[in-house]
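Q: Pasting the sequence and the predicted coordinates here, then a few questions.
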Amino acid sequence: ALMEERRALRGTPPVAAPVAAPVAAQVAESVVDEFSSFVNIVDNLLGTALPEDTVNAFLASPEFALYERVGTNPTAAGHDDRVAFFAMVDGLLEDMPDEAITAFLASPEFQLYSRVGERYS
């Protein structure tokens with residue numbers, strides 16, 4: 001994923017996902033909640049951190065239909081849509097300015113992004 005690549009290039013150690021052993025039902029619920037939170041995080045990043053020309057090109061692209069479908073109801077998105085959604089937004093976030101990427105890497109939201117990336121990439 002983009003962020004792992006940036007960390008490797010900058011010599012920053014990868015973020016380790018916390019290890020937990022909750023009940024299976026809690027795990028499933030947590031995964032759903034995490035994916036919904038992930039969608040909110042990337043929606044905010046795409047709307048605030050991407051250059052306007054990148055956003056406009058994305059809005060006019062065929063991929064925007066997937067973004068809209070998953071973004072409208074993340075909990076209903078199937079595994080394949082989640083995999084495609086993660087790959088799509090990971091690619092888009094590569095266009096963020098370096099300072100925005102650096103800030104995101106240092107944020108608590110990045111840990112969630114990493115966990116979702118491990119699951120769907």
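A: Received, thanks. Model, not experiment: these values are computed from the prediction.

Q: Can you show me the helices along this structure?
A: Assigned by DSSP state H, the helices in the chain fall at 2-10, 24-48, 52-59, 63-72, 79-93, 98-105, 108-120.

Q: Dump these into CSV; add mean pLDDT and mean neighbour count as well.
A: In short, each C-beta sits where N, CA and C put it, glycine included. Formatted as CSV, those follow (pLDDT from 0 to 100; neighbours: other C-beta atoms under 10 Å):
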stretch, mean pLDDT, mean neighbour count
helix 2-10, 54, 14
helix 24-48, 79, 15
helix 52-59, 94, 13
helix 63-72, 96, 15
helix 79-93, 96, 18
helix 98-105, 95, 14
helix 108-120, 96, 18
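
Q: measure stretch 73-85 end to end?
A: From its first residue to its last, stretch 73-85 covers 12 Å (C-alpha to C-alpha, to the nearest Å).

Q: How far away from the center of its chain is that stretch?
A: Distance, stretch centre to chain centre, for stretch 73-85: 12 Å (C-alpha atoms, centre = their mean, to the nearest Å).

Q: And for stretch 79-91?
A: Its chain's average C-alpha position is 8 Å from that of stretch 79-91, according to C-alpha atoms, centre = their mean.

Q: what comes into contact with it?
A: Contact with stretch 79-91 is made by 1-3, 35, 39, 42, 46, 63, 66-67, 69-70, 77, 116-117, 119-121, as judged by C-beta atoms under 8 Å, 6 or more residues apart in numbering.

Q: what's the distance between stretch 110-121 and the middle of its chain?
A: 7 Å.

Q: I meant stretch 56-73, not that one.
A: The answer for stretch 56-73 is 14 Å, by C-alpha atoms, centre = their mean.

Q: swap in stretch 50-65?
A: 16 Å.

Q: cool, stretch 44-56 as well?
A: Using C-alpha atoms, centre = their mean, the offset of stretch 44-56 from its chain centre is 14 Å.

Q: do the same with stretch 43-62
A: Centre-to-centre, stretch 43-62 and its host chain are 14 Å apart (C-alpha atoms, centre = their mean).

Q: Thanks a lot, catch you later.
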